[in-house]
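Chemist: Here's a sequence, model it:
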Amino acid sequence: MTMPETVEAVPAPEAPVKEPWAGWDAVLRLAGVLVSVAATLVVTLVELELSVLRVGGVTDLFHGDFGVWAGGGELIGLAIPLTVGANLALAWFASTTIGRNWAIGVPWALWTLLVLGAAGTRTAEGDYLLGGDNWVALVMILVGSLTFAVYAYRMIMKPLKRA
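Modeler: You can find the predicted model right below:
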């Protein structure tokens, strides 16, 4: 009885590894900037709309009237915690996606320009979009900018913790 011969496998020639295009990094960073700009626009408009929300508008929802901003009563400060959370998310997204510390400046500058533009713009009737008697809007402007500032400060101080 003969033993079967063992056949040694001949290694196949290795195919050359194709390097990815070096420009993908720049394309992805640019996409991150564009997405953070679009997200900042949407988030800022939602924050501005919620800064004028009143108790009467919310109670009208329960009575079947969907004119939320037509109601009366006291202002609801819902825009303030939403601003803190949304601006933290915008700052995190921009700095993580773009991968540079300067990236936080994109949503911060855009958010500030939009909010201050809304505070200084008059309607056709002569009213300001965000009036000086709207305490929610004033606190939202302060807290929103401070949120970006605190995030930037923590980013600056992070390398000191590692050393």
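Chemist: The residue nearest in space to the middle of the chain: what's it in contact with?
Modeler: Most central in the chain under CA atoms, centre = their mean is residue 90, positioned 2.3 Å from the mean C-alpha point. Contacts for residue 90 were tallied using CB atoms under 8 Å, 6 or more residues apart in numbering; they are 36, 39, 40, 43, 107, 111. No exception for glycine: its C-beta is placed from N, CA and C like everyone else's.
Chemist: what's the pLDDT at it?
Modeler: For residue 90, the pLDDT comes out at 95.
Chemist: Begin at 12 from now on, thanks
Modeler: Got it, first residue is 12 now, which makes that one residue 101.
Chemist: so where does it fall, helix or strand?
Modeler: Secondary structure assignment for residue 101, by DSSP states H and E: helix 90-109.
Chemist: same deal with residue 163?
Modeler: Per DSSP H and E: helix 146-173 holds residue 163.
Chemist: hang on, the earlier thing: right, and the helix or strand after the helix holding residue 101?
Modeler: According to DSSP H and E, the helix or strand after helix 90-109 is helix 116-130.
Chemist: What are the buried residues along that following helix?
Modeler: Neighbour counts over helix 116-130 (16 or more other CB atoms under 10 Å) mark 117, 118, 119, 121, 122, 125, 126, 129, 130 as buried.
Chemist: Provide a list of residue ranges in the chain with pLDDT below threshold.
Modeler: 12-18, 20, 68-72, 74-82, 170-174 (pLDDT under 70).
Chemist: now do 90
Modeler: 12-40, 60-89, 109-113, 129-145, 167-174 (pLDDT under 90).
Chemist: mind listing what residue 93 touches?
Modeler: 57, 58, 61.
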